[in-house]
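> from the sequence below, what's the structure:
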Amino acid sequence: MTDDDYDDLFRLAYPRLVAMGLAMSTSRHVSQELAQETLLRAHHRRSELAMYDAPMAWCRRVMGNLLIDHHRSRTSEVAAVERLGHRSATQADTTPDPATVAASARWEDLVRSLTPQQRVVATLYYAEDQSVAEVADIMNIATGTVKSALSKARTNLRLRLGGPDGRIEEARS
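Modelled structure (predicted):
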């Protein structure tokens, strides 16, 4: 697929993909971002798309998958917020908030028991409020490695903090 062919695909596909997102009841902003992501993926696969009879069908499929992913993420976020609100309303939690601990002088004492990788991952995640993906990019490691290191760090910190149910918080992507 030449650059001109891709430009034609972009002009044809972008408004249709945005309309598809709006039809699936997402906001205009989200629809535009997902359409751009779809077309960025199409740009990276221009040679593959050149072999397809209908590259627009591929774009629709990718957009559909992105919309499903967005919906799942959003649903999970809403459920987590509801759980958090319910938890704080129904029980007093004696486990310190990790962000509060990270901002305090105790943080240095707590992370000394961690391996260097766990220390960096936990500091970036809690103290710097980076996502798992951002930590992975910063450290040039896989997101699975970040999640594993966070899990191990949480286990260690949980023992040191002595929380009642042993929960600190789940990894955000």
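
> quick one: list the elements packing against the longest helix seen in the chain.
The longest helix of the chain (DSSP state H) is helix 55-90. Under the contact criterion of 3 or more Cβ pairs under 8 Å, 6 or more residues apart in numbering; DSSP states H and E, helix 55-90 touches helix 3-23, helix 28-44. Any C-beta I mention is one placed from the backbone N, CA and C, and that applies to glycine too.

> compute the inter-axis angle for the last one and helix 55-90.
This points to helix 28-44. 130 degrees (axes from the mean of the first three to the mean of the last three Cα atoms, to 10 degrees).

> so the protein: which segments form each domain?
Per the record, the chain has its domains at 3-89, 95-161, by automatic domain parsing.

> lowest average pLDDT across the helices and strands packed on helix 55-90?
When the helices and strands packed on helix 55-90 are ranked by mean pLDDT, helix 3-23 comes last with a mean of 87.

> contacts for that one next, please.
Helix 3-23 has contacts (Cβ atoms under 8 Å, 6 or more residues apart in numbering) with 1, 28, 30-32, 34-36, 38-39, 42-43, 46, 49-50, 55-56, 59-60, 63-64, 67.

> quick one: buried ones out of those?
Buried subset of the contacts of helix 3-23 (neighbour count, 16 or more other Cβ atoms under 10 Å): 1, 30-32, 34-35, 38-39, 42, 49, 55, 59-60, 63-64, 67.

> where in the protein is pLDDT low?
Per-residue confidence for the chain (pLDDT under 70) gives these ranges: 25-26, 85-109, 111-112, 127-128, 163-173.

> list the buried residues for stretch 144-161?
146, 147, 148, 149, 150, 152, 153, 154, 156, 157, 160, 161.

> I'd say the fourth one and residue 116 touch.
So that's residue 149. No - assessed by Cβ atoms under 8 Å, residue 149 is found out of contact with residue 116, at 10.1 Å.
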